[in-house]
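Student: Just to be clear, the model below is a prediction. Sequence and coordinates:
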Amino acid sequence: MIRVDGSVYTWMGLPGTTTVNQTSYEYTSTKSIFTMNVEDKVEMNITFLSPITPNDFKRQSLVFSYVDVEIGSLDGAAHDVQLYADISAEWVSGDRTAPATWSYGVTDSDVAYHKVSRQTQLAFSEVSDQGEWGEWFWATDKTEGYTFQSGEDVVVRGAFSANGTLGDTQDSDYRAISTDWPVFAFAHDLGSVDSSVGVLYSIGLAQNDAAQYEGSSSGLTIQPSLWTSYFSSGPDALDFFHNDYAISYALSTKLDDQIATDSIAAAGQDYLTITSLTVRQAFGATQLCGTIDDPYLFMKEISSDGNMNTVDVIFPAHPIFQYTNPELLNLLLKPLFEIQESGNYPNAWAMHDIGSHYPNATGYPAGNDEKMPLEECGNMVIMALAYAQKAGNADYLEEHFTILNQWTGYLVEEAIYPANQISTDDFAGSLANQTNLALKGIIGIEAMAVISKLTDHSEDASNYSSIAHNYIDRWQVLGIAQDANPPHATLAYGSNDTHGLLYNLYADRELNLNLVPQSVYDMQSTFYPTVELKFGVPLDTRHNYTKSDWQMFTASIASTSTRDMFTRDLSNWISETPTNYAMTDLYDAISGDYPSITFIARPVMGGAFALLLLNQT
């Protein structure tokens, strides 16, 4: 809330007062910026910043964000202004009947904070996608005119509304989240405001132990949050973060500017609309864990099923990590290699993920993960080469050669005629002889030929390349409807009246393999506009829904006009979708709505960076 000349207004949330008038909104890759008009008296500029520092693991390891509020006079007159903001105990658990506990403190540099947590911690557990362990910090600067209070929402908010200040008191009745709804508030009396004044808030989660992991060791290990390697405690980390705003802002703005410049140059404003919307979403699904000498990047498959480091989620997401820092892709793949190379996974093909629900990376020693063998073998071989090329690290390929060779053996056996199995688009159902899935496997074989060459396995290189070229020639006969008008790749061999997004073609271009003839690229570029719906090209002929990430993969290797069609349609969907959910990778291309399967805020939208990665490479 904000109090101007004795009148109270809400600037976010709905505690019951008059709301301010929002006059503008913009977003960058790391910021959301709101402008609010308060009765033509004062203007508020509110910046939500989630810093993203891909090359600075110390800062990136902190699960914290900023809210910066700047207030100035609109009419030239001075106005008496007080600012208020609170959080509720709802942050600490998805179970609203769970008891919470809290405290108040001040750091050595006068950062005041409320610390809130679940009273009984449930380590490595989630309820409704909320972590049930760790401590939340809500903080601001302890400056002149500052007051604080914790207590029942109507009481605390009422105190500010009536007086413009809080009681500097703590509610000691620790209780269930939904019992008299405890909130944790700060107020700042800014006095007579005629020029710009500001208040900075920080919010974040401190979990000392982040994940359970059963990797190369014989038993379960607890992986600490990486920030614990840099800071001795949550308040210590908070103190650094809050006082780091100027540097974090500058680093994040540099990333914003780089993405904006590159996106506009690559494909224009519509493309920037897409790329900049997806950055926080992709990074927000990841957490740096382990130690400085032995780090990991764990990823949650947000909203779909909560799997950890799902291979076919990392694959569509990997362009953003390759673009910002390829070592991030290395850290995402690291536990997958460790588990399988240590013999903790019995199947000959690549595993689907490292744990059925975040943050429990307990693997599948019985081999009972979701079976997606051709998909994941292709993904792992392709991404291993992609990382090694981008990082200039051929030793990485030698280190993992044995298991990459094993997975390629599976591709050789299965790629040309895929069995009745699911691909990454598992929600669409299983299907035999999937044209696009076969293409991934064939490209994977050629990728292994390159890996073999780079690691001085010349005989393997020659053999795999020969097989891949033989397969791609046969694939063009099996998987392309030559007599159609216009010709196009089919959904499945022989089904000439079907089609789908041939997004797996991307890897051929990304790895610079030149395995697939340019005529296939040109054919698909010509075809897609003939099946365009209002908000894009459908994933395949079985449904009207489409996938945002795969459209961006497809657009990145299409002709300029077809690329622009894809980016325009997705940008229009972002503007016109009837839903108010976070960015999805699955929506109806006619109505713009989400289908019954709601994929919300998933990291796969890092695939929006497919074109930027190609241009950068």
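Tutor: Sure thing, it's come through. Numbers count the residues shown, from 1 in each chain.

Student: From here on, just use CA atoms for contacts and neighbour counts.
Tutor: Will do.

Student: mind checking the SS state of A610?
Tutor: helix (DSSP: H, G, I helix; E, B strand; the rest coil).

Student: Please report how far it lies from N55.
Tutor: Distance of A610 to N55, given as C-alpha to C-alpha, to the nearest Å: 20 Å.

Student: Tell me which of the two has more neighbours.
Tutor: Legend: neighbour count by other C-alpha atoms under 10 Å for A610 and N55, higher for A610 (30 against 13).

Student: That one contacts A558, correct?
Tutor: No: look at A610 against A558 with C-alpha atoms under 8 Å: they stay out of range, at 11.7 Å.

Student: all strands for the stretch 251-400 of the chain, in order.
Tutor: 286-290, 295-299, 360-361 (DSSP state E, counting those that start in this stretch).

Student: Kindly check the end-to-end length of stretch 585-592 for me.
Tutor: Stretch 585-592 has an end-to-end distance of 12 Å (C-alpha to C-alpha).

Student: swap that for stretch 139-153, sorry
Tutor: 18 Å.

Student: pLDDT averaged over that stretch - what is it?
Tutor: Mean pLDDT, stretch 139-153: 98.

Student: How about residues contacting that stretch?
Tutor: 88, 106, 110-114, 156, 165-171, 180-190, 199-203, 242 (C-alpha atoms under 8 Å, 6 or more residues apart in numbering).

Student: can you rerun that using 6 Å?
Tutor: Residues outside stretch 139-153 that contact it (C-alpha atoms under 6 Å, 6 or more residues apart in numbering): 110-113, 166-171, 180-189, 200-202.

Student: what's stretch 338-350 in contact with?
Tutor: Contacts for stretch 338-350 (C-alpha under 6 Å, 6+ apart): G215, S216, P365, G367, P373, E376, C377, W407.

Student: What's the ChimeraX syntax to select whichever of those residues are buried?
Tutor: Selecting only the buried entries of those in ChimeraX, with 16 or more other C-alpha atoms under 10 Å as the criterion:
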select :215,216,373,376,377,407
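
Student: Taking the contacts of stretch 338-350, tell me the two that lie furthest apart.
Tutor: Spanning the widest gap among those are S216 and P373, at 21.7 Å by C-alpha to C-alpha.

Student: Strands along the stretch 1-150 of the chain, start to end?
Tutor: Applying DSSP E, counting those that start in this stretch to the stretch 1-150 of the chain gives strands spanning 2-4, 7-10, 18-19, 21-27, 31-38, 42-49, 63-73, 79-88, 100-106, 111-118, 126-127, 130-131, 135-141, 146-152.

Student: Turn these into JSON lines, including mean neighbour count and distance to N580.
Tutor: As requested, the strands of the stretch 1-150 of the chain are exported to JSON lines (neighbours: other C-alpha atoms under 10 Å; distance: least, C-alpha to C-alpha, whole Å):
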{"stretch": "strand 2-4", "mean neighbour count": "23", "distance to N580": "26"}
{"stretch": "strand 7-10", "mean neighbour count": "20", "distance to N580": "21"}
{"stretch": "strand 18-19", "mean neighbour count": "17", "distance to N580": "20"}
{"stretch": "strand 21-27", "mean neighbour count": "13", "distance to N580": "15"}
{"stretch": "strand 31-38", "mean neighbour count": "20", "distance to N580": "16"}
{"stretch": "strand 42-49", "mean neighbour count": "22", "distance to N580": "18"}
{"stretch": "strand 63-73", "mean neighbour count": "20", "distance to N580": "22"}
{"stretch": "strand 79-88", "mean neighbour count": "21", "distance to N580": "22"}
{"stretch": "strand 100-106", "mean neighbour count": "18", "distance to N580": "30"}
{"stretch": "strand 111-118", "mean neighbour count": "24", "distance to N580": "29"}
{"stretch": "strand 126-127", "mean neighbour count": "15", "distance to N580": "22"}
{"stretch": "strand 130-131", "mean neighbour count": "18", "distance to N580": "20"}
{"stretch": "strand 135-141", "mean neighbour count": "24", "distance to N580": "26"}
{"stretch": "strand 146-152", "mean neighbour count": "22", "distance to N580": "29"}
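
Student: TSV for these, including distance to L397?
Tutor: As requested, the strands of the stretch 1-150 of the chain are exported to TSV (distance: least, C-alpha to C-alpha, whole Å):
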stretch	distance to L397
strand 2-4	58
strand 7-10	56
strand 18-19	58
strand 21-27	39
strand 31-38	37
strand 42-49	38
strand 63-73	32
strand 79-88	48
strand 100-106	49
strand 111-118	44
strand 126-127	36
strand 130-131	36
strand 135-141	40
strand 146-152	55
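
Student: Which of the ones you listed sits closest to H357?
Tutor: Taking those one by one with C-alpha to C-alpha, strand 126-127 is closest: 9.0 Å.

Student: what lines up beside that closest one in the sheet?
Tutor: strand 130-131 (antiparallel) (DSSP bridges).

Student: pLDDT of the partner strand, averaged?
Tutor: Strand 130-131 carries an average pLDDT of 96.

Student: Not counting sequence-adjacent ones, nearest residue to E370?
Tutor: H352 (6.1 Å; C-alpha to C-alpha, 6 or more residues apart in numbering).

Student: coming back round to it: I'd like to know which of the strands of the stretch 251-400 of the chain is closest to N504.
Tutor: strand 295-299 (22.2 Å).

Student: helices or strands next to the closest one in the packing?
Tutor: The helices and strands touching strand 295-299, judged by 3 or more C-alpha pairs under 6 Å, 6 or more residues apart in numbering; DSSP states H and E, are strand 286-290, helix 326-341.

Student: Now do the closest residue in space to A386 that isn't next to it in sequence against M383, distance only.
Tutor: Leaving aside its sequence neighbours, A386 sits nearest to L511 (C-alpha to C-alpha, 6+ apart; 6.2 Å). Distance of L511 to M383, computed by C-alpha to C-alpha: 9 Å.

Student: do the same with K334
Tutor: Distance, K334 to M383, using C-alpha to C-alpha: 12 Å.

Student: Ok, L439 next?
Tutor: Here L439 is placed at a distance of 15 Å from M383 (C-alpha to C-alpha).

Student: Equivalent analysis for Y364, please.
Tutor: 22 Å.

Student: got it, and V38?
Tutor: 51 Å.

Student: residues touching the closest residue to S304 other than its chain neighbours, list them.
Tutor: Excluding the flanking residues, the one nearest S304 by C-alpha to C-alpha, 6+ apart is F599, at 5.8 Å. Taking C-alpha under 6 Å, 6+ apart, we find F599 in contact with S303, S304, T584.

Student: With V537 as the reference, measure out to F599.
Tutor: On the measure of C-alpha to C-alpha, F599 and V537 end up 18 Å apart.

Student: go on, T408?
Tutor: Using C-alpha to C-alpha, T408 is found at 32 Å from V537.

Student: same question, E43
Tutor: For E43, the distance to V537 - C-alpha to C-alpha - is 43 Å.

Student: and if you look at P529?
Tutor: For P529, the distance to V537 - C-alpha to C-alpha - is 8 Å.

Student: re the thing from before, among the strands of the stretch 1-150 of the chain, which is nearest M448?
Tutor: Going by C-alpha to C-alpha, the one of these nearest M448 is strand 63-73, 37.4 Å.

Student: bridging residues for N45?
Tutor: Residues in beta-bridge contact with N45 (DSSP bridges): T35, E70.

Student: Does it touch V38 like I think?
Tutor: No: using C-alpha atoms under 6 Å as the test, N45 is too far from V38 to be in contact (11.2 Å).

Student: of K334 and M383, who's got more company?
Tutor: Counted by other C-alpha under 10 Å, K334 and M383 do not tie: M383 has more neighbours, with 24 against 17.

Student: From N615, how far out is the more buried one?
Tutor: Counting by C-alpha to C-alpha, the gap from M383 to N615 is 18 Å.

Student: Give the closest residue to K534 in space, chain neighbours not counted.
Tutor: Closest to K534 by C-alpha to C-alpha, 6+ apart is I590, at 5.3 Å.
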